[in-house]
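Asker: Here is a sequence together with a model predicted from it:
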Protein chains: 2
Amino acid sequence: MTPPSHRREITGFSNPTVKFLRSLREKKHRKAAGKFLAEGLRLLTDARESGHVPETLVMAKGRDAHPLLDELEREVAARGGDIIETSPDILAKITGKSNPQAVAGAFAELDTSLAGLDRSSSPIWLVAQELRDPGNLGTMLRTGDAVGAGGLILIEDCADPFSVEAVRASMGAIFTQRVARARWEEFLPWLRSGAGQLVAASLRESVPYRDAPYAAPCFILVGNESQGLPEPYEAECDLRVTMPMKGRADSLNAAVAGAVLAYEVLERLDTSEE
Amino acid sequence: MTPPSHRREITGFSNPTVKFLRSLREKKHRKAAGKFLAEGLRLLTDARESGHVPETLVMAKGRDAHPLLDELEREVAARGGDIIETSPDILAKITGKSNPQAVAGAFAELDTSLAGLDRSSSPIWLVAQELRDPGNLGTMLRTGDAVGAGGLILIEDCADPFSVEAVRASMGAIFTQRVARARWEEFLPWLRSGAGQLVAASLRESVPYRDAPYAAPCFILVGNESQGLPEPYEAECDLRVTMPMKGRADSLNAAVAGAVLAYEVLERLDTSEE
């Protein structure tokens, strides 16, 4: 049963908890609090099934009952978390969406240390340098989940993986993929301290991406949306590959390029295991 | 030489031309005027090289000189277009970007009729049903350019391909890819009136996407970001394919799914021609 002490109703927009939760839409407040928001029963269920339970669960009054929501509520209560019921309007204010889903949660930020990654846990890793768009970042997490990647390593100044937009675009993969943040000067020695092939799409001294000699663990590196990958980063790669560009453009969207490469690597590594 | 009659300077925020150009950031005004905005020298050069010259060219005072900009200006003047010089602040107001590029243009909307498409002009076409995100839409155009697709067919209620965000995400492909808009009830008879294989990613009665029997012209259909493709749409497909999903999720971002499929189709069709 839910201990009643953890459960309360909030009716005012100016309630400090509402203000606090709402503040988590901004990076500086997320950073200060070490917490982030996720919304929607599906996302929160994905989180729970991946072992992540919100510290605070906010539910709209008048929501439809759902067995998965009951389960979530029980688990939050069992861990001593806060359970808040409030109006749909206040929930909309918290999530910043005019049509909010009936439930949202505040989670403790996840470990993003490079040292915490176990590279042997997966044959594919995604790496992004100065990826600025939170939608692209979330999409890369989602792709990583789909190809069975271990996680996404963010190099230099990337979008915040814990922003509402990135979390939403990840479709739950923020909870299943490891995320690490590192400077290039930290990443490279870490990469070179063990097995790992660094691969990037490039127009310089490259081989066709199809049937290239990928090797696990394969680290697929994509660059910034506007600038692409700086030349010294490309030079550091163990394998540079090109994708066909039949039109006027000479590049793909960063998340798309990463996905096309990741599926090719997945296919090649699967085949080479046979 | 530039006829001086077409060239003027605007210094006031409340100038009607500024208001008009700024209004093109909204769909209803684009629709009413039949015009859309594109910004940045690169985009405008892509447009010009694809035969699209803006009716109105807006340039920020104090911009760096550039031979491509001179060429653009000459061409706009030669076609009797408007050339406007204004302050960077006013340009920022028009484009809605705090750091606008030094130049923007207003173009006549392009033909989006299905009847205008020549399916034999390309072996690959992208089709999106209720694609709501303008970034995804622009990204699909960009991918279409890269794989040598003929264009993007938008089914039902999609994001506006002429929105500033879609144009920006297309990286110029809005000018190189054909865009058509149609209802499903219009699209299907059109498709079936000639050669064309309709393909979609699906979990039902499908074959692995790798090495599937793709045939040109191949129409790659992706569904809405949240709902995916409705079952009747899937049922209409000539080929249903699955991509590996190694993680918790059962789908990819729509633009990503379209791109992974498009590159596979490109490879297969190229191979089958050998």
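Answerer: Yep, that arrived. Here the structure is a predicted model, which is why all the values come from computation and not from measurement. Numbering: from 1, shown residues only, chains lettered A, B, ... in the order given.
Asker: now the helices for the stretch 151-274 of chain A?
Answerer: All helices of the stretch 151-274 of chain A, identified by DSSP state H, counting those that start in this stretch, fall at A:164-170, A:184-192, A:231-236, A:254-273.
Asker: Make TSV from these and add mean pLDDT, distance to residue B:107 and mean neighbour count to it.
Answerer: C-betas here are computed from N, CA, C, even on glycine. TSV is the format used below for the helices of the stretch 151-274 of chain A (pLDDT from 0 to 100; distance: least, Cβ to Cβ, whole Å; neighbours: other Cβ atoms under 10 Å in any protein chain shown):
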stretch	mean pLDDT	distance to residue B:107	mean neighbour count
helix A:164-170	95	29	24
helix A:184-192	97	40	15
helix A:231-236	96	35	15
helix A:254-273	91	25	22
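Asker: got those helices as JSON lines, with distance to chain B columns?
Answerer: Listed next are the helices of the stretch 151-274 of chain A as JSON lines, based on distance: least, Cβ to the nearest Cβ, whole Å:
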{"stretch": "helix A:164-170", "distance to chain B": "7"}
{"stretch": "helix A:184-192", "distance to chain B": "23"}
{"stretch": "helix A:231-236", "distance to chain B": "19"}
{"stretch": "helix A:254-273", "distance to chain B": "4"}
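Asker: and these as TSV, adding distance to residue B:10?
Answerer: Listed next are those as TSV, based on distance: least, Cβ to Cβ, whole Å:
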stretch	distance to residue B:10
helix A:164-170	35
helix A:184-192	45
helix A:231-236	41
helix A:254-273	36
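Asker: ok, and the closest non-adjacent residue to the residue most central in space within chain A?
Answerer: With distances taken as Cα atoms, centre = their mean, residue A:174 lies nearest the centre of chain A, 3.5 Å away. Residue nearest to residue A:174 in three dimensions, not counting chain neighbours: residue A:167, with 5.1 Å by Cβ to Cβ, 6 or more residues apart in numbering or on different chains.
Asker: what residues are up against the one you found?
Answerer: Shown in contact with residue A:167 (Cβ atoms under 8 Å, 6 or more residues apart in numbering or on different chains): A:36-38, A:43, A:138, A:161, A:174.
Asker: same thing but 7 Å
Answerer: A:36, A:38, A:138, A:174 (Cβ atoms under 7 Å, 6 or more residues apart in numbering or on different chains).
Asker: So for the closest residue to residue A:113 other than its chain neighbours, what's the pLDDT?
Answerer: Closest residue in space to residue A:113, ignoring its immediate chain neighbours: residue A:180 at 6.5 Å, by Cβ to Cβ, 6+ apart. At residue A:180 the predicted local distance difference test score is 98.
Asker: now swap in residue A:100 and tell me
Answerer: Per-residue confidence (pLDDT) for residue A:100: 70.
Asker: could you measure it against chain B, distance?
Answerer: 14 Å (Cβ to the nearest Cβ, to the nearest Å).
Asker: wait, what's in contact with that residue?
Answerer: By Cβ under 7 Å, 6+ apart, residue A:100 lies in contact with A:39, A:88, A:91-92.
Asker: Now which of those would you call buried?
Answerer: Buried by 16 or more other Cβ atoms under 10 Å in any protein chain shown: A:39, A:91, out of the contacts of residue A:100.
Asker: Which single one of the contacts of residue A:100 is nearest to chain B?
Answerer: residue A:39 (13.5 Å; Cβ to the nearest Cβ).
Asker: Just to check, the closest one is in contact with residue A:102?
Answerer: No - if you go by Cβ atoms under 7 Å, residue A:39 and residue A:102 don't touch, sitting 9.2 Å apart.
Asker: quick revisit: unless I'm mixing things up, the residue nearest to residue A:113 is touching residue A:112, no?
Answerer: Yes - contact criterion Cβ under 7 Å: residue A:180 and residue A:112 qualify, at 5.4 Å.
Asker: what about those two, which has more around it?
Answerer: The residue with more neighbours, out of residue A:180 and residue A:112, is residue A:180; 23 against 18, by other Cβ atoms under 10 Å in any protein chain shown.
Asker: From residue A:30, how far off is the closest residue to residue A:40 other than its chain neighbours?
Answerer: Spatially, and ignoring its direct neighbours in sequence, residue A:40 is nearest to residue A:101 (4.0 Å; Cβ to Cβ, 6+ apart). According to Cβ to Cβ, to the nearest Å, residue A:101 stands 20 Å off from residue A:30.
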